[in-house]
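**Q** Need coordinates for the following:
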Amino acid sequence: MTSYVLILENRVERLLEVGKLGRVAFRPGYYYYVGSAKRIKRVTRHFNVKKKRWHIDYVSSVFTVLGAILFKIPECELAKKMKLEKIPGFGCSDCECESHLFYSKNLIIENLFA
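**A** Numbering: from 1, shown residues only. Just a heads-up that it's a prediction; the model follows:
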């Protein structure tokens, strides 16, 4: 199973309508979304204009998508290893995780799991 971490930048305070989650406040900084990459299209769709289907689509269509990192471990296992601030209930409506979206004021790549 393959998963990915999508890295996004948000430069201003925002209040976004995120599907069934409703309005979610986002601070300036960097957001890290953990998703399942069963097919590479699951990752590349974030770099293009798309129909809003999942929670992350409401965010990735507004924030700047900086890149993605692929991992060869399951999505939920990867999300549980993340050591950044959680955005509660985001992207995990089909599992028991607390969140699949994480926040950091600074761009962090090497210490995502520290």
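**Q** switch to C-alpha atoms for all contacts and neighbour counts from now on
**A** Noted.
**Q** got a list of contacts for the helix or strand containing residue 35?
**A** Per DSSP states H and E, residue 35 falls inside strand 29-36. For strand 29-36, contacts defined as C-alpha atoms under 8 Å, 6 or more residues apart in numbering pick out 2-11, 42, 56, 74-75, 78-79, 100-107.
**Q** And residue 8, how far from residue 58?
**A** Distance, residue 8 to residue 58, by C-alpha to C-alpha, to the nearest Å: 12 Å.
**Q** Who has more neighbours out of those two?
**A** residue 8 (21 against 17; other C-alpha atoms under 10 Å).
**Q** Looking at the more buried one now. What's its pLDDT?
**A** We have a pLDDT of 96 for residue 8.
**Q** just residue 114 next, same as before
**A** So residue 114 comes in at 58 (pLDDT).
**Q** worst-scoring helix or strand of the protein, pLDDT-wise?
**A** The least trusted helix or strand in the chain, going by mean pLDDT, DSSP states H and E, turns out to be helix 41-44, with a mean of 79.
**Q** Show the secondary-structure elements that the following helix or strand past that helix is packed against.
**A** Where DSSP H and E defines the elements, the next helix or strand beyond helix 41-44 is helix 55-60. If you count contacts as 3 or more C-alpha pairs under 8 Å, 6 or more residues apart in numbering; DSSP states H and E, helix 55-60 packs onto strand 14-17.
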